[in-house]
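*Asks:* Structure for this input, please:
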Amino acid sequence: MTSIGIYKKCYRCGNTTTDMQKTQCKCGGYLYLISLVYTPKVAKQERKRVG
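*Replies:* Numbers count the residues shown, from 1 in each chain. Now for the predicted structure:
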């Protein structure tokens, strides 16, 4: 599983930015990292039938 940072969002005013270096919004609120979680698909293994 891999997490990829997409953008940052201020929950006080709703402003978003793609600048990952910023920590504060223009309104003074904190910018929270919004990320995408990527899970690679795993190939299914074939089960052997007994009997």
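*Asks:* what's in contact with the helix or strand harbouring Lys9?
*Replies:* Per DSSP states H and E: Lys9 is located in strand 2-10. The contact list for strand 2-10, computed with CB atoms under 8 Å, 6 or more residues apart in numbering, reads 15-20, 22, 25, 27, 29-40. Backbone N, C-alpha and C define where each C-beta goes, glycine included.
*Asks:* go again using 10 Å as the cut-off
*Replies:* Residues from elsewhere that reach strand 2-10, judged by CB atoms under 10 Å, 6 or more residues apart in numbering: 15-40.
*Asks:* I'd like the distance between the residue nearest to the spatial centre of the chain and Val50.
*Replies:* The centroid of the chain falls nearest to Ser35 when counting by CA atoms, centre = their mean (1.6 Å). To Val50, Ser35 is 44 Å away according to CB to CB, to the nearest Å.
*Asks:* what does Thr39 give?
*Replies:* 32 Å.
*Asks:* of those two, who's got more company?
*Replies:* Neighbours were counted for Thr39 and for Val50 using other CB atoms under 10 Å; Thr39 has more, 7 against 4.
*Asks:* separation between the more buried one and Gly5?
*Replies:* Distance from Thr39 to Gly5, counting by CB to CB: 16 Å.
*Asks:* Do I have it right that Met1 meets Tyr38?
*Replies:* Yes - counting by CB atoms under 10 Å, Met1 touches Tyr38, with 7.1 Å between them.
*Asks:* Look at the two and report which has more neighbours.
*Replies:* Between Met1 and Tyr38, counted using other CB under 10 Å, Tyr38 has the larger neighbour count: 9 against 6.
*Asks:* Give me the nearest residue to that one, chain neighbours excluded.
*Replies:* Closest residue to Tyr38 apart from its sequence neighbours, by CB to CB, 6 or more residues apart in numbering: Thr2 at 4.6 Å.
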